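Engineer: what's the 3D shape of this:
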Amino acid sequence: HWAAGVAASLVLLAAAVAGWQQAPVLLADYHTGLGERQVITLADGTRVTLNSASALSVAFSERERRVVLDAGEALFETTDEPRPFVVDTAGGSVQGSAATFSVRRDGRVVLARGEAKVGEQQLTVAPDAGAQTAWQRGKLIFNGKPLGQVLAELERYRHGRIVLSDSKLAAMEVSGVFDLDEPEALLRTLEQRYGLKVTYLPWLAVVY
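Structural biologist: Here you go, the predicted model:
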């Protein structure tokens, strides 16, 4: 009975933590579920594409066009107007006008067009911006990326964790185009192309 009680408590704790982690997402102005994408047009005409499991709050004022990326990742195609366009993340603020750039909650920014800066640091257009922002077109493109990074990326689009049984595999280079609208096919593609095996457990996929 004692063990069952502890197990039940842990399940409740996990659910509470999951609920607490979801809170900023559900309270945001716009949010997407796992594997969903959504395109929004803001009041100033800026077009925003929200990635999987992402959330955005809008706080426009007379002085500035400020949005808060509460979770996940978003691609901004900002309009040109006198008020600065500012994206707040956990990793700092990004400012860009008449620009196209993607931002992650951790503060990682990919500039595809125009001018943008993080704090006072001016960004340069990423040479592989098209590949890095391909998720907005429903694709993931990897060019010689370590398998460990690829799996961490795939995890953002499907339920449950993906773990490597052998840490040595993490450095294996992976290239290819993956279709985000078929998340289960992502791992199958890795199996077929790289001779990997995947064992599926509840909320867990083990790659070896």
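Engineer: Please count neighbours and contacts with C-alpha atoms only from this point.
Structural biologist: OK.
Engineer: Stretch 30-48: end-to-end distance?
Structural biologist: Between the opening and closing residues of stretch 30-48 we find a distance of 10 Å, counting by Cα to Cα, to the nearest Å.
Engineer: ok, now stretch 48-61?
Structural biologist: In terms of Cα to Cα, the two terminal residues of stretch 48-61 are separated by 18 Å.
Engineer: so for it, what's the average pLDDT?
Structural biologist: Stretch 48-61 shows a mean pLDDT of 97.
Engineer: Relative to the whole chain's centre, how far out is that stretch?
Structural biologist: The chain centre lies 12 Å from the centre of stretch 48-61; the measure is Cα atoms, centre = their mean, to the nearest Å.
Engineer: cool, and stretch 100-115?
Structural biologist: Going by Cα atoms, centre = their mean, the spacing between the C-alpha centre of stretch 100-115 and its chain's C-alpha centre is 12 Å.
Engineer: The longest strand anywhere in the chain - what's its average pLDDT?
Structural biologist: In the chain, ranked by residue count with DSSP state E as the criterion, the top strand is strand 92-104. Taken as a whole, strand 92-104 has a mean pLDDT of 96.
Engineer: So which bits of stretch 33-50 are buried?
Structural biologist: The neighbour-count check on stretch 33-50 (16 or more other Cα atoms under 10 Å) flags 35-38, 46-50 as buried.
Engineer: residues in contact with Ser102?
Structural biologist: The neighbourhood of Ser102, defined by Cα atoms under 8 Å, 6 or more residues apart in numbering, consists of 73-76, 109-112, 133.
Engineer: Could you work out the most separated pair of the residues you listed?
Structural biologist: Comparing every pair within the contacts of Ser102 by Cα to Cα identifies Glu73 and Ala112 as the most remote, at 14.8 Å.
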